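Trainee: quick one, structure for this:
(chains A and B)
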Amino acid sequence: MSRYLLRRLLIAIPVLAGISLVLFTILALAPGDPLGEAATNANVPPEIQARIREQFGLNDPLPIRYARWFTAMVKGDWGYSFVSRVDVGTLILQRLPTTLFVLGSAQLLGLLVALPIGVYSAMRPYSVFDQIATTFAFIGFSLPTFFTGILFILFFSIYLDWLPFIYRADISATGWRWYWEHARQAVMPVAVLGLFQGASLTRYIRSSVLEVIRLDYINTARAKGLSEKTTILKHVVRNALIPVVTLVALQIPAIFTGAVITEQIFRVPGIGSLLITSILANDTPVIMAITFVFSGLVVLFNLIADLLYGWLDPRISYR
Amino acid sequence: MEERELRAMIGQVRTGRMSRRHFVQTMVGLGLTAPLAAQMLGSAGVAGAQTKATPFNPTKRGGGGNLKTLWWQAPTLLNPHFAVGTKEQDACRIFYEPLVSYDPEGNLFPVLAASVPSLQNGLLAKDGRSVVWKLKPGVAWHDGKPFTADDIVFNWEFATDPATAATTSGTYADIEKVDKIDAHTVRLHFKKPTPFWADPFCGVRGLIIPKHLFEAYKGAKSREAPNNLKAVGTGAFKFVDFKPGDIVRAELNPNYHVPNRPFFDTMEMKGGGDAVSAARAVMQTGEYDYAWNMQVEDEILKRFEQGGRGRADISIGGNMEHIQLNNTDPWKEVDGERSSIKTTHPFLTDPAVRQALNLLVDRTSVQEEIYGRTAIVTANFLNAPERFRSKNTKWEFSVDKANAILDAAGWKRGADGIRAKDGKKLKMVYQTSINAPRQKNQQIVKQACAKAGIDIEIKAITASVYFSSDPANPDTYTHFYTDIQMYTTTQIMPDPQDFMLQHTPWEIASKENKWQGRNITRWRSEEYGRLYKAAEAELDPVKRAALFIQMNDLLIKNVVVIPVAWRPRVAAISNKLRNAVQSGWDSDFWYLPFWHKEA
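Mentor: Next comes the predicted model:
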């Protein structure tokens, strides 16, 4: 087990280095530079732009820039943002709580909706409940979040005037009001994301439960007189969850990197919106840090998913 | 228009036969800036006008609650010397102040200056080589330290230090030295006679940062200054919190140097999102009080306005959407570059083709179909000089006339309906950035040109590429590797000199200067260059304005560019918000201390 873990961790190092190289190259090949905005701003004359570009080291050849970034990164220095001239770590840490809160709640909501519906649908396939659940699930994951987001805004904010559609990370109220305001503004983004994820999860859970529920050992469990509840919870769901765990584990990195589109629509100051503004501004150090952390998390959670299999299904062994 | 005529107009303003406002608007129409127009009036002894605002005289500070403003791009830092875009400049303007601001008519509005220098009060040197600024006494930084002449000297040193890489360094570059005369007086010495002296320490680029907090962070260490993100200024609001790329929060400054201001107890500037939903938050749901830069179709704005909670506020600045005609051949490569000045364009150098193109831009349709109130078609910029002479020329849209001109010049229609002469076909590529109104605009021009036998191929490029300064990318607007192109040129500088620089023969963009030259059309006119040099050294504002108008006249006569529409600044303002006066020449927040709100 520990040898397996060590081997996987060692493999991760060249993988991550390769990923960073590819990311850096693609970013360098992409057109534009951090001074793109300055180019249209008569306030910043070209010679000053050139000087700033020089100071940022943008004129050096690509391999040198990459080597500089990589050695600094290994030492734990993520560099600083070209546009806000702040250390990248500070910038990301500032955004992390909001993203964790919104995306985490959405993921949780998705699971809470999907688990009971998925299992119940599978227990009674092709019943009226299953048909309705299937229809909604299909509608749910066919509608993109940018559409449902705007739909929600039009209905709940404009038409009913119930909820604010501009998310604010720092609400000045205190005590209960603070919680209330936070809940109110988070409802729409969390619902949009949670229901979208819940919809596809429902389908996953339904199909994997369906697969398990027909197996012989479930009949055995029933035959030996176990209650329906015990059969479903202990025997069906536990086995059916293996593929679902993979799915959820692979989605957890996304919680850390935010939801680009939804964050933009609701102005949630999360990592997703930081990423998109950095991409638009060609702010290489920030983009590199976010995407690199993201790939690191994907590698890590793949490993965690593999380890979880072993816990859920003791027949899987590690060598 | 000649200097004599300008003087006559100024005389009319003095005697009251012409309104001050009309004069300023006429000058803006002639391609000048409002601040220069105000300077002309000032030099002739016409007193500066008061900024128009509804009367509101509070007897104490505060009591206004929270002011919520929305910027659909988020500020990323709070040091005015590092501000790249208007969003940063506006965020800085909440806390930091300049010596003077520019009001909508270009008048100097004293902020940290005790008075406005002029020849009459002796603060302005006759030779244009120095100006004395008297600072308002008793002003304190938010941390209680006094604001003095040392701060002024320091800002000049800070911005001009090459290692600082300040974006404002251009503003301060022409200052030879700044002398501290006493604690509240400084003298600025210019390297050469400077006709427009109200630029350093003025307006949005002249925000002043405190010496005592930035002294240790001059030059290469400037990035590490903790106050880059934590503003300590002299403004009406004190810093509370800033999250780069998200929100700026501020609270009332109890020691603000203007009595009984500001009205609001706290304020915030939230960033991010998109323009349409920002307009919605102000005009439809009333969640916010003010939103910046409404690049939204007028139709949508009108629909939101029906909600009765907010309105679109339109203020004239110097933004002009225009079409540029390439003077060089964009399809022939010489020494590793296209559009090289060693080539000439096969047909765009023919004046007949240029005149025809000018007649084929249907500006009325552009305004009616695309921009509505958010664009102003002015014949003035184009033809005002002629209008004042002959009173009969106006810009016009006429396919027939364009056809007649082309026929007369020998451009014959071929079998495919496209005109040709000497084997050269009138086929052009027309590029601009990807932006819905611009693509509609391209269509309008393309259709009209098709009727006149000119074939246009449309090309649209992502804005982040098109406007980038990447020397390796052939699709940027400065490379100009097509026949014609369209974008908005911004004249946010209070003085037209810098704006006019973009047509001088020594500024031609080329491979040699990494396409950083400002002259993108590669138009070469010795006469223009001579006029520019003369204007640079001319100290009399009226004579100087006449020179600028002559330069402008040259541009129009030779159809170097085809102006399409003025694009005013549009803000969304809550109907309850009062005195949120917008100036096209300064930051959205230039008048912030005086904003107030009705219950």
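Trainee: going by C-alpha atoms from here, please, whenever you check contacts or count neighbours.
Mentor: Noted.
Trainee: next, count neighbours for the residue in the stretch 351-500 of chain B that chain A sits nearest to.
Mentor: Of the residues in the stretch 351-500 of chain B, the one nearest chain A is B:Ser468, at a distance of 4.2 Å by CA to the nearest CA. By other CA atoms under 10 Å in any protein chain shown, the residues close to B:Ser468 number 24.
Trainee: do me a favour and get the end-to-end distance for stretch A:156-167?
Mentor: Taking CA to CA, to the nearest Å as the measure, stretch A:156-167 stretches 14 Å from start to finish.
Trainee: hmm, that stretch in reach of chain B?
Mentor: Yes. For stretch A:156-167 and chain B, the contact criterion (CA under 8 Å from any CA of the partner chain) is met by A:157-158, A:161, A:164.
Trainee: can you give me the helices in the stretch 201-319 of chain A?
Mentor: For the stretch 201-319 of chain A, applying DSSP state H, counting those that start in this stretch gives helices covering A:216-223, A:228-230, A:238-257, A:260-266, A:271-280, A:284-312.
Trainee: excluding its backbone neighbours, what's nearest whichever residue of the stretch 101-250 of chain A sits closest to chain B?
Mentor: Proximity of the stretch 101-250 of chain A to chain B (CA to the nearest CA) peaks at A:Ile158, 6.3 Å away. Using CA to CA, 6 or more residues apart in numbering or on different chains and skipping the chain neighbours, the partner closest in space to A:Ile158 is B:Thr285 (6.3 Å).
Trainee: try B:Gly453
Mentor: Nearest to B:Gly453 is B:Ile418, by CA to CA, 6+ apart, at 4.5 Å.
Trainee: what of B:Asp298?
Mentor: Leaving aside its sequence neighbours, B:Asp298 sits nearest to B:Gly372 (CA to CA, 6+ apart; 5.4 Å).
Trainee: list the contacts for that neighbour?
Mentor: B:Gly372 sits next to B:297-299 when contact means CA atoms under 8 Å, 6 or more residues apart in numbering or on different chains.
Trainee: for A:Leu274, state which of those residues is nearest.
Mentor: B:Glu297 (27.2 Å; CA to CA).
Trainee: related to what we said a few turns ago, save the residues of stretch A:156-167 next to chain B as TSV, and put in secondary structure, neighbour count and pLDDT too.
Mentor: Output for the residues of stretch A:156-167 next to chain B, formatted as TSV (DSSP: H, G, I helix; E, B strand; the rest coil; neighbours: other CA atoms under 10 Å in any protein chain shown; pLDDT from 0 to 100):
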residue	secondary structure	neighbour count	pLDDT
A:Ser157	helix	21	85
A:Ile158	helix	18	82
A:Asp161	coil	13	82
A:Pro164	coil	21	84
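Trainee: got a markdown table for those residues, with distance to B:Leu112 too?
Mentor: What follows is the residues of stretch A:156-167 next to chain B, written out as a markdown table (distance: CA to CA, whole Å):
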| residue | distance to B:Leu112 |
| --- | --- |
| A:Ser157 | 43 |
| A:Ile158 | 43 |
| A:Asp161 | 43 |
| A:Pro164 | 39 |
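Trainee: max pairwise distance over these: which two?
Mentor: A:Ile158 and A:Pro164 (9.1 Å).
Trainee: tally of neighbours for residue 266?
Mentor: Assuming you mean chain A. For A:Phe266, the neighbour count with other CA under 10 Å is 25.
Trainee: that's the other chain; I wanted chain B
Mentor: B:Thr266: 22 surrounding residues under other CA under 10 Å.
Trainee: after the helix or strand of chain B with the lowest mean pLDDT, which helix or strand is next?
Mentor: Counting by mean pLDDT, DSSP states H and E, chain B has its least confident helix or strand at helix B:379-390, which shows a mean of 35. Of the helices and strands lying after helix B:379-390 in sequence (DSSP states H and E), the nearest is helix B:399-408.
Trainee: what helices or strands is that following helix leaning on?
Mentor: helix B:351-359, helix B:436-451 (3 or more CA pairs under 8 Å, 6 or more residues apart in numbering or on different chains; DSSP states H and E).
Trainee: closest to B:Gln39 out of these?
Mentor: Of those, the one closest to B:Gln39 (CA to CA) turns out to be helix B:351-359, at 32.8 Å.
Trainee: tell me what angle the closest one forms with helix B:399-408.
Mentor: 170 degrees (axes from the mean of the first three to the mean of the last three CA atoms, to 10 degrees).
Trainee: excluding its backbone neighbours, what's nearest A:Ala191?
Mentor: Closest to A:Ala191 by CA to CA, 6+ apart is A:Ala106, at 6.6 Å.
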